[in-house]
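>>> Sharing a model that was predicted from the sequence below.
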Amino acid sequence: MLIVMTDAAAGTHAWLDRERSSEERARLFVDALTLDEKIALVSAPMAVPPPGEQPPPGVIGSAAATPGIPRLGLVMIQETDASLGICNPNNVRPDDTSTALPSSLLLGATFDPELARRGGEVVGAESAAMGFAIQLAGGANLIREPRCGRNFEYISEDPLLTGLLAGAAIEGIQSQNVLSTTKHFAVNAQETGRVVVSSEISEVPLRESDLLAFEIAIERGRPGSVMTGYNRINGVQASEQEFLLDHVLKGDWAYPGFVMSDWGGAHSTERAAMAGLDRQSGTQLDREHYFGEPLADAVRQGNVPTERLDDMVYRIVHALLVVGVVDRGKPAEPDLDTHQSVAQVTAEQGIVLLRNDGTLPLDRNARLAVIGGHADIGVLSGGGSSQVSPRGSTRIDATSIAGFTIPKTYHPSPPLAALKAALPGTSMTFDDGTDHDSAALAAGAADVAVVVVEQWTSEGHDVSDLGLGADQDGLVAAVAAANARTVVVVESGGPVLMPWLEDVAAVVEVWYPGSRGGEAIAAVLTGRVCPSGRLPVTFPATVEQLPRPRMHDPSTTTSNPGGERVGHFSEDYDIEGSDVGYRWYEREGLTPLFPFGFGLSYTSFAYSDLDVDVAATSAGVREVTVTLTVTNTGEREGIDTAQVYVRPPGQRSARLAGFARVKVGPGESRRACITLEPRVFAGYDVALPGWRWQVGTYQLAMVADGHAPALRATLELSEWTSAP
Ligand code: BGC
């Protein structure tokens, strides 16, 4: 079903006249509305039918739908989740053909904004073809808590990497005339108690970390909308956070789009409207329809000025116009084969080789025992509102949130079948891994054992620890004891512990690898693809290394937006402040299991001929550029990700300030030129207010794979300041 504005309608309403500017068109539209019509546009009720039922005619069945204004030619505004593809809530589309992109964390591991943009185009094209106006994508929360159940929807623990990739993904979605959101603004770092927790953090670290990620994502991607989190920030509900919404987002950053609440995340009428919330989402999950009749009353009584309501509607319509949703013609039929290829290439580039004694790539003549992880069925995906379930997926009911069943879903791309296809003629057995003795027997009879282990994570829940659970560690140990050439393939939502690390030959982190995950795994294991992924998140050696080793007890609090709000508590994020992830480890002198930025290759690289330049741009920005030569010292072509870390004077941690992916053939050299992001190594100065470089000596380190720096330099900088 397709819902688009028709040309016939365009002729009859001044606001649909494409010759006028989007500002004028939005103004004409708002001026033509009655109070009731304005009120109707600032809510988005949920539009998912109960399991087994079909949505009413004209409704696709998704996260939300706002009725149109037919007399003005505005059709229903329908919206869907999320970053990894088109969600299929309650299996409303039983024969769904949507492409499931790999997890956002895998995307983070590619360090490749171009792949992020292409993934966005896939999602945008499929969303437009189904008739959606808005994609609830663009997850840009920083990973502060490696046990968070939604880390697979976020990109990394680093503000620059997160901002650049989220921005590129948003740009890709919106290039298809579908409005994209970025979410969940801000410091929505864990699922435990997500609807009652208060994230406590001071302004300076907040600006330098979580807000910087959103700031970069918004600058790059220009999303039409920002979704607030479920959490409170410094005691104030995210949807009522005047400082974040009105002051920072709409003030400092001059954000022109609209702010929507999360589903069940609105708590008031006047407070929220005056703090900067423009739309209430998923109204049925909130205690009241705050932006319905109560908002109309508040406007009538003058408690919310009419101008503010007009601004809310203007922002929504203007954003839909700017992105081209209103004017879009009939979207093309999506090219699903190309989309599958994008999913596969992304997975191939984001798989991270963590350990290898030379067993990988697999010897084509080696007899293989493939064990565990449902490798005969498919590849695991993360649960919750971002769940994509293409036709052929295997669903196992696992949990429920707000009345929705959250199944554990395997995408139909079994690694076993993909390995068989990639290695024709190789003898291969499969053991499901439930009986460790039988798995060990199978491993002992093979030349190489490939054990697939999994960690399922979902929205609404955090994992209680970073263990694999279900005695999968015991399985790996049993297999490794039977076969020294054991390769472990980890399908996980985030970091996991690896007590067996020293006993296995190779480890490959494949995250949730999406619609063509099995093929991507086979490509890396067999060597068709040279691994180039780099960890976007630190893997701790133990949870004791974390800023908050013990998590709040989920049984004492509310994580479900539909539930009664009990068990309010706060989390202190000033402990690490802006030293999120790898910066915390450096500051505290801790050695993790694997550092941020780490990833091995089947070839090797060397760096030389470093140049560091500082130049002033016409915009007054001081631009620092690092140029270096990357030489492939191995025997096959590979992609290196050169990372530049800068440690400002007097700071205990260095920050990723720029990176570049460089493809180099064996024995070849290429120059990589990396422009650094100046805010990363500036401090935020509340008194200024704005960013300020300290005068002094900055330490630069060029790092290939998270190991010791390959090159170092120092840089003397004079003072530079910039507005917030
Ligand atoms: C999630 C959002 C999502 C919304 C709509 C909420 O539970 O937090 O990310 O977009 O549901 O499905």
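Ah, there it is.

>>> Just the CA trace of stretch 670-678, in CSV.
The C-alpha trace of stretch 670-678 is given here as CSV (Å, rounded to 0.1, in the frame of the first residue of the first chain):
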residue,chain,number,x,y,z
ARG,A,670,49.2,4.8,0.1
ARG,A,671,49.0,8.2,1.7
ALA,A,672,46.1,8.7,4.1
CYS,A,673,45.0,12.2,4.9
ILE,A,674,42.9,12.6,8.1
THR,A,675,41.3,15.9,9.1
LEU,A,676,40.8,15.9,12.9
GLU,A,677,37.6,17.0,14.6
PRO,A,678,38.6,20.0,16.7
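
>>> what residues does the stretch 101-250 of the chain put near the ligand?
Contact residues, the stretch 101-250 of the chain versus the ligand (CB under 6 Å from any ligand atom): 136, 183. All C-beta atoms are positioned from the backbone trio N, CA, C, and that covers glycine.

>>> tell me the pLDDT at the residue of the stretch 101-250 of the chain found nearest the ligand?
For the stretch 101-250 of the chain, the residue closest to the ligand is Leu136, as judged by CB to the nearest ligand atom, at 3.7 Å. Turning to Leu136, the model gives it a pLDDT of 98.

>>> Tell me how many other residues crowd it.
Neighbours of Leu136 under the rule other CB atoms under 10 Å: 29.

>>> Any idea what it is bridged to?
Using DSSP bridges, the bridge partners assigned to Leu136 are Asp81.

>>> What are the neighbouring residues in contact with it?
Residues in contact with Leu136 (CB atoms under 8 Å, 6 or more residues apart in numbering) are 63, 79-82, 181, 183, 227, 385.

>>> Glu307 is in what secondary structure piece?
Per DSSP states H and E, Glu307 falls inside helix 306-323.

>>> packing partners for that helix?
helix 22-31, helix 35-41, strand 179-185, strand 258-260, helix 270-275, helix 293-300 (3 or more CB pairs under 8 Å, 6 or more residues apart in numbering; DSSP states H and E).

>>> May I have the third one as PDB, with CA atoms only?
Read that as strand 179-185. This file holds the C-alpha atoms of strand 179-185, laid out as PDB (Å, rounded to 0.1, in the frame of the first residue of the first chain):
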ATOM      1  CA  LEU A 179      12.300  11.500   7.400                       C
ATOM      2  CA  SER A 180      14.700  10.100   9.900                       C
ATOM      3  CA  THR A 181      14.900  10.400  13.600                       C
ATOM      4  CA  THR A 182      17.900  10.400  15.900                       C
ATOM      5  CA  LYS A 183      17.400   8.900  19.400                       C
ATOM      6  CA  HIS A 184      17.300   8.600  22.400                       C
ATOM      7  CA  PHE A 185      18.200  12.100  23.500                       C
END
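
>>> can you give me the angle it makes with helix 306-323?
120 degrees (axes from the mean of the first three to the mean of the last three CA atoms, to 10 degrees).

>>> partners of the helix or strand following strand 179-185, with directions?
Counting by DSSP H and E, the next helix or strand C-terminal to strand 179-185 is strand 198-200. Within its sheet, strand 198-200 is paired with strand 232-233 (parallel), strand 570-572 (parallel), according to DSSP bridges.

>>> re earlier: how about the helices and strands packed on helix 306-323 in TSV, adding distance to Val487, mean pLDDT and mean neighbour count?
Shown next, in TSV, are these (distance: least, CB to CB, whole Å; pLDDT from 0 to 100; neighbours: other CB atoms under 10 Å):
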stretch	distance to Val487	mean pLDDT	mean neighbour count
helix 22-31	54	98	19
helix 35-41	55	98	18
strand 179-185	36	98	29
strand 258-260	45	99	28
helix 270-275	52	98	21
helix 293-300	58	98	18
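
>>> To Gln643, which of the ones you listed lies closest?
Checking these against Gln643 by CB to CB gives strand 179-185 as the closest, at 24.3 Å.

>>> picking up where we left off before, looking at the contacts of Leu136, state which has the most neighbours.
Most neighbours among the contacts of Leu136, by other CB under 10 Å: Thr80, with 31 neighbours.

>>> Against the ligand, how distant is the closest residue to that one other than its chain neighbours?
Nearest in space to Thr80, with sequence neighbours left out and distances taken as CB to CB, 6 or more residues apart in numbering, is Ser62 at 4.1 Å. According to CB to the nearest ligand atom, to the nearest Å, Ser62 and the ligand sit 8 Å apart.

>>> wait, Ser62 sits on Glu79?
Yes - contact status for Ser62 versus Glu79: in contact at 6.4 Å, counting by CB atoms under 8 Å.

>>> Name the nearest residue to Gly634, ignoring sequence neighbours.
Nearest to Gly634 is Thr603, by CB to CB, 6+ apart, at 3.0 Å.

>>> Actually, Pro649.
In space, and not counting its chain neighbours, Pro649 is closest to Gly696: 3.4 Å by CB to CB, 6+ apart.

>>> Now for that neighbour, how many residues are close by?
Neighbour number of Gly696 under other CB under 10 Å is 14.

>>> repeat for the one 5 residues further on
Residues within reach of Ala701, counting by other CB under 10 Å, total 16.

>>> Return the backbone torsion pair for it.
Per-residue torsions, Ala701: phi -130, psi 130 (degrees, to the nearest 10).

>>> The ligand contacts on the stretch 551-700 of the chain?
Pro561.

>>> What residue in the stretch 551-700 of the chain comes nearest to the ligand?
Pro561 (6.0 Å).

>>> pLDDT below threshold where in the stretch 351-500 of the chain?
402-404 (pLDDT under 70).

>>> circling back: overlap in contacts of Ser62 and Glu79?
Phe132.

>>> coming back round to it: wait, the residue nearest to Pro649 touches Leu717, no?
Yes - look at Gly696 against Leu717 with CB under 8 Å: they come within range, at 7.0 Å.

>>> Let's test this: mean pLDDT of the strand or helix carrying Arg670, rounded?
Per DSSP H and E: Arg670 is located in strand 669-675. The average pLDDT within strand 669-675 is 97.

>>> Adjacent strands (with direction) for it?
Applying DSSP bridges, one finds strand 669-675 paired with strand 622-632 (antiparallel).

>>> What's the first helix or strand after the partner strand?
Trace forward from strand 622-632 with DSSP H and E and the next one is strand 638-647.

>>> Quick one: list the elements packing against that next one.
Using 3+ CB pairs under 8 Å, 6+ apart: strand 638-647 touches strand 605-616, strand 622-632, strand 655-664, strand 669-675, strand 696-703.
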